[in-house]
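this is a predicted model, with the sequence first.
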Amino acid sequence: MSTQDVLFLCTYSLQRCADALLTLPTDAVAEILEQDGNIDMHYDYYGNHYLFDPSDVTALYGGNSSTIRPWH
């Protein structure tokens, strides 16, 4: 009988959250920022979240997601 390694990999990441934000209409993102001051994306399974402030969103829409800080 052969064996096989098992690997669990969570694909929830800062970049995936950033990519998800880019799928939203810019006016919807602006409205969230205006109402809440930031965008807080939660992943309840691990209890993590990623926080995007207005400067993060500006960088994201400008194509510079490398400056976004991963707040967990």
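Nice, I can see it. Numbering: from 1, shown residues only.

just the strands in this structure please.
Using DSSP state E, the strands found in the chain span residues 39-43, 48-52.

out of the ones you listed, which is closest to V29?
Ranking those by proximity to V29 (CB to CB) places strand 39-43 first, at 7.1 Å. Where C-beta positions appear, they are placed from N, C-alpha and C, glycine not excepted.

quick one: buried residues of the closest one?
Within strand 39-43, the residues that count as buried by 16 or more other CB atoms under 10 Å are I39, M41.

outside of that strand, which residues touch it?
12, 17, 20-21, 29, 32-33, 48-52, 57 (CB atoms under 8 Å, 6 or more residues apart in numbering).

please pick the buried ones from those.
With burial judged by 16+ other CB under 10 Å, the buried subset of the contacts of strand 39-43 is C17, L21, V29, I32, L33, N48, Y50, F52, V57.

pLDDT below threshold where in the chain?
8-9, 11, 65-67, 69-72 (pLDDT under 70).

so which residue is dead centre in it?
The centroid of the chain falls nearest to C17 when counting by CA atoms, centre = their mean (2.4 Å).

what about that one, distance to M41?
5 Å (CB to CB, to the nearest Å).

touching both of these two, which residues are there?
Common neighbours of C17 and M41 (criterion: CB under 8 Å, 6+ apart): Y50, F52.

would you map the helices across the chain?
14-22, 26-36, 54-61 (DSSP state H).

phi and psi next, for V6.
phi -110, psi 130 (degrees, to the nearest 10).

possible to save the helices of the chain as a markdown table with distance to L7?
Shown next, in a markdown table, are these (distance: least, CB to CB, whole Å):
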| stretch | distance to L7 |
| --- | --- |
| helix 14-22 | 18 |
| helix 26-36 | 34 |
| helix 54-61 | 30 |
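
since that was my last question, I'll sign off now.
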